[in-house]
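Asks: I'd like to go over a predicted model; first the sequence, then the structure.
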Amino acid sequence: MDDKKKYYEEKAKELLNFNMMAKQSKMSDNLHKMARGEAIMLECLAHSDNGLMPNEIAKSAHVSTARVAAFLKAVEKKGYIQRISLEGDRRKVNIVLTDIGWDAVKGRRERMLKGVVAYLERLGEEDTENLLRILEKTRTIMKENNDMKGKQ
């Protein structure tokens, strides 16, 4: 194995080890819960112009329809959503955010923004710019990998 290959293998091990340790942090736990829970589904609704049907929420949030059903029940109790029957077929419903739901989304966004600002302040300007540069490069590589999978 050549020296460059060894270097990247060692760095890959460090990155994987860091990733495992990071997953044990409270911040990571909160992000994971958000990505699979109420927050991501509320965000999906917030990004839709005219609401979404439950199956569309499941697809957008990458969760099961059973999880969406539980989510809808919970957020309806909180007054965050409204179900609107579609004309011509009462079995089909569109889910839209209520004013209370919009307030919840805005509040969560503000809390998240404050947390990320505090994190970036601790990183400092130079490291923040480097982080964003590396994340953009990572996104490009991931997109290229996904594009290549489709061509195989």
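Replies: It's in.
Asks: Please count neighbours and contacts with C-alpha atoms only from this point.
Replies: Noted.
Asks: Would you map the helices across the chain?
Replies: 3-23, 26-36, 38-46, 54-61, 65-78, 99-123, 125-151 (DSSP state H).
Asks: quick one: least confident helix or strand in this structure?
Replies: helix 26-36 (a mean of 57; mean pLDDT, DSSP states H and E).
Asks: where are the low-confidence patches of this protein?
Replies: 1, 22-36, 150-152 (pLDDT under 70).
Asks: Identify, by residue count, the longest strand of it.
Replies: Of all segments of type strand in the chain, defined using DSSP state E, the longest is strand 89-97.
Asks: Near residue 86, how many other residues are there?
Replies: The number of residues packed near residue 86 is 12, by other CA atoms under 10 Å.
Asks: ok, it - contacts?
Replies: 92-94 (CA atoms under 8 Å, 6 or more residues apart in numbering).
Asks: now swap in residue 75 and tell me
Replies: 38, 81.
Asks: ok so, going back, tell me the most buried of the helices of the chain?
Replies: helix 38-46 (a mean of 20; mean count of other CA atoms under 10 Å).
Asks: For that helix, which outside residues touch it?
Replies: For helix 38-46, the external contacting residues (CA under 8 Å, 6+ apart) are 34, 51-52, 57, 60-61, 68, 71, 75, 95-97, 101-102, 105, 108.
Asks: angle of that helix against helix 54-61?
Replies: 110 degrees (axes from the mean of the first three to the mean of the last three CA atoms, to 10 degrees).
Asks: relative to strand 89-97, how tilted is helix 38-46?
Replies: 110 degrees.
Asks: Can you dump the C-alpha atoms of helix 38-46 in CSV for me?
Replies: Once non-C-alpha atoms are left out, helix 38-46 reads as follows in CSV (Å, rounded to 0.1, in the frame of the first residue of the first chain):
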residue,chain,number,x,y,z
GLU,A,38,-42.1,16.4,14.4
ALA,A,39,-39.7,19.2,13.3
ILE,A,40,-38.9,17.8,9.9
MET,A,41,-42.5,17.1,9.1
LEU,A,42,-43.5,20.6,10.2
GLU,A,43,-40.7,21.9,8.0
CYS,A,44,-42.0,19.9,5.0
LEU,A,45,-45.4,21.5,5.5
ALA,A,46,-43.9,25.0,5.9
